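In: need a 3D model of the following:
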Amino acid sequence: MRSFFIFFFLLFSIGIAINYNTKYSTPTFLLRFTYHLLTLKNKMIDPAEGDPHQTLFTIYPQWNKPSITTINNQQQQQQVNNSQKNTVNNNNQKLTIESQTLNNLIGYYQLQLNKKNDLEIRNLMNELTNILYPPISYHNIYRNETIDELNGSLFITLRDPFYFYNYTKVTDKKDTKVTDKVTNKKEKVLFLVFGNGGLFGNVKSNGFQLRSLVEYLQPKLQHSITKILAVDRRLIALTESEKKDSNFISKNLISEQVNDIKKAYKYLLQKNYKNKDIVMMGDSLGCNLILNLLLKEIPKEEHPYSVILISGIYNLNFEKTLQFWKLENELLIPKAFVTLMSRIYKQDSNNYSIINNNNLLNNNLLKNNLTEIDSKVLVVYSNHEEFTLDNEGFVGLLKEGKDYVNSVSVNNNGGLKVKELKVISENYMIHSYPYFHYYSGQIANTMEKIVNFMDLQDE
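Out: Got it, this is the predicted structure:
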């Protein structure tokens, strides 16, 4: 036993040394150390069943246990199907131990936020998400420019251009060897718009979306994204002092945020970056802002080549989301945070929602014929998250019918029109789950699909 503790202490000491030598932040290191210990425990010892919001030592939530139901007729079958819709069910659970441990770790800490006030929720959400990945520094990027005129947005060069021109080579499919032929890949800029309800996680603090993408993209030498414009914008004011601060927004909340990202997009175009070499990416509320930008503020001929929307919020009314709220899907976003957003965006919901409570296109867009985006669009979301209903309704507008599949050709019939649509919808994942790629190989596979979509270009 003594030798075990000595070995454990040495291992921990080595980890601390690596942590500081590579400039990982101490909170990030401690979180990852805890996560790997829990994962190891769950692999070696059968995890107990229980509520992951109450303990860190379970990965199979109690609500996942399938109920034993005798089905005698088709009507009863339909009732069972309806009751299980949008609900985690152990019969279909195919998550890896890593993914389930992540869900448990996030869910355990997240539910504590429901006991906090508005300001505490914002501050704690910011702290919890920012420890997931190391901060941006010269250890993980090539160059970093702060653009003061864009509220402190960061323009990042991921690596020396040498790598793009010398490592983007064609793979010979016959013998799987890399040839000497250089591809005709074009360098692209990722235009990143964070979500976070517009309340926290600005770029100045190296929001976790930016940190996550840098950690994933920087070592990959054969993808086309060489630069990232991480767009900062003014946050929503919650206190009286913030309402007097020009760095915050206290009225016209959505339109002012859209204006901030519009200014950043125009900045790129003015710097002679072609719109067809731009990939626009957003998550959560960021998806709403991107769509309002493209549909209302940017002419079609200036739309980016592709748009990636992750776990989007498309209805600012939030009434349907709160009405059908399920505790088992509450893993990242606490209900108190959604209630807060429903209050602050109440006046914006009619004009800036993309869909209404009936999953139809917002009348404000329809009557002004704002129904077309001249870009290829990728929609990514979980079938079991806080905003699943929003995403299902939005995808229904992008294709014929209300059902969805992983890959479709678009033939719109009165909904939103896009050049091409791809949908990735997976089970039992948390809100904005691709950004958690480090913590699950399963999620990393999804991020790889997203990167492949970024690489798309016309011949």
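In: all strands of the stretch 51-200 of the chain, in order?
Out: Along the stretch 51-200 of the chain, counting by DSSP state E, counting those that start in this stretch, strands occupy 58-61, 143-147, 153-157, 169-171, 178-182, 188-193.
In: please apply the same query to the stretch 301-450 of the chain.
Out: Per DSSP E, counting those that start in this stretch, the stretch 301-450 of the chain carries strands over the ranges 306-310, 372-382, 407-408, 417-426.
In: which of the ones you listed comes out lowest on mean pLDDT?
Out: Comparing mean pLDDT over these, the weakest stretch is strand 407-408, at a mean of 40.
In: tell me, how many residues neighbour Ile430?
Out: The tally of other residues near Ile430 (other C-beta atoms under 10 Å) stands at 24. Glycine gets a C-beta too; all of them are placed from N, C-alpha and C.
In: hey, which of the strands of the stretch 301-450 of the chain is tucked in deepest?
Out: With neighbours taken as mean count of other C-beta atoms under 10 Å, the strands of the stretch 301-450 of the chain reach their highest mean count in strand 306-310, at a mean of 26.
In: quick one, it and strand 188-193 angle?
Out: In terms of direction (axes from the mean of the first three to the mean of the last three C-alpha atoms, to 10 degrees), strand 306-310 departs from strand 188-193 by 40 degrees.
In: run the chain-centre distance for strand 306-310.
Out: Distance of strand 306-310 from its chain centroid, counting by C-alpha atoms, centre = their mean, to the nearest Å, is 10 Å.
In: direction included, what does that strand pair up with?
Out: As defined by DSSP bridges, the strand partners of strand 306-310 come to strand 278-283 (parallel), strand 372-382 (parallel).
In: what lies in contact with it?
Out: Contacts with strand 306-310, where a contact means C-beta atoms under 8 Å, 6 or more residues apart in numbering, come from 279-284, 287, 290-291, 294, 373, 375-381, 418, 432, 434-435, 450, 453-454, 456.
In: which stretches of the stretch 201-350 of the chain have low pLDDT?
Out: For the stretch 201-350 of the chain, the stretches flagged by pLDDT under 70 are 203-206.
In: worst mean pLDDT among the strands of the stretch 51-200 of the chain?
Out: Across the strands of the stretch 51-200 of the chain, strand 178-182 gives the lowest mean pLDDT, at a mean of 46.
In: returning to that earlier point: any chance of the strands paired with strand 306-310 in JSON lines, with distance to Leu102 too?
Out: Formatted as JSON lines, the strands paired with strand 306-310 follow (distance: least, C-beta to C-beta, whole Å):
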{"stretch": "strand 278-283", "distance to Leu102": "17"}
{"stretch": "strand 372-382", "distance to Leu102": "13"}
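In: in the stretch 151-300 of the chain, which spans are helices?
Out: Counting by DSSP state H, counting those that start in this stretch, the stretch 151-300 of the chain has helices at residues 161-167, 208-217, 240-243, 253-270, 285-292.
In: burial measure for Val338, as a count.
Out: Close neighbours of Val338, defined as other C-beta under 10 Å, add up to 19.
In: that's all I had, so thanks and see you.
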